[in-house]
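Trainee: Fold the stuff below for me.
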Amino acid sequence: MENPPKSPNGSEKSPQSKELLTSNTASTLCISSRSESVWTSASRSKWDIYHKPVIVVSVGAAVFLFGTVITSLSCIQIKNNNVYKMCGPAFLSMGLMLLVCGLVWIPIIRKKQKQRQKSQFLQSLKSFFFNR
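Mentor: Take a look at the predicted model:
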């Protein structure tokens, strides 16, 4: 007669606990939740879709305008002129970078939305068969 395996604290494990340890319930739950989200995709508002690029564009525009003001202050003869000459172009470039990134992000999201609409049925079939 075989002895059941012992745990580190010395107690015996039941066959049911062995099954629980070897099952992959976490990965099964992840896969099922992913496939459910494909089947029950709720339509999102424009703000939910575009809020991140709009925030990036607005922050970029604000930083760019701040850099413009600081750069223009370096043209006027004020005491810390070297500080304005160094910080102005830095804020200009950071603001311009954020502004351009946000403006490029918006068409990318639009393209992804169109692709999702075109192939939503194919994606749902694919996820149904491959996530089993």
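
Trainee: where does F66 fall, phi/psi-wise?
Mentor: With angles defined as degrees, to the nearest 10, F66 sits at phi -60, psi -40.

Trainee: Next one: it from V104, what distance?
Mentor: 22 Å (C-beta to C-beta, to the nearest Å). Placement of C-beta: from N, CA and C, glycine included.

Trainee: higher neighbour count, these two?
Mentor: Ranked by neighbour count (other C-beta atoms under 10 Å), F66 and V104 place F66 first, with 16 against 10.

Trainee: Identify the residue nearest the more buried one in space, chain neighbours excluded?
Mentor: Spatially, and ignoring its direct neighbours in sequence, F66 is nearest to F91 (5.4 Å; C-beta to C-beta, 6 or more residues apart in numbering).

Trainee: helix or strand for that neighbour, which one?
Mentor: F91 is part of helix 81-130 when elements are defined by DSSP states H and E.

Trainee: now swap in R44 and tell me
Mentor: R44 belongs to no helix or strand when elements are defined using DSSP H and E.

Trainee: Can you give me the pLDDT of it?
Mentor: Confidence at R44, expressed as pLDDT, is 80.

Trainee: And for the one 4 residues further on?
Mentor: As summarised for this prediction, D48 has a pLDDT of 87.

Trainee: Quick check: buried residues in the helix or strand harbouring it?
Mentor: For D48, the enclosing helix or strand under DSSP H and E is helix 46-75. When neighbours are counted by 16 or more other C-beta atoms under 10 Å, the buried residues of helix 46-75 are found to be 49-50, 53, 56-57, 60, 63-64, 66-67, 70-71, 73-74.

Trainee: Would you mind listing the residues in contact with the nearest residue to V54 once chain neighbours are set aside?
Mentor: Spatial nearest neighbour of V54, excluding adjacent residues (C-beta to C-beta, 6+ apart): G102 at 7.3 Å. Neighbouring residues of G102 by C-beta atoms under 8 Å, 6 or more residues apart in numbering: P53, V54, I55, V56, V57, S58, G60.
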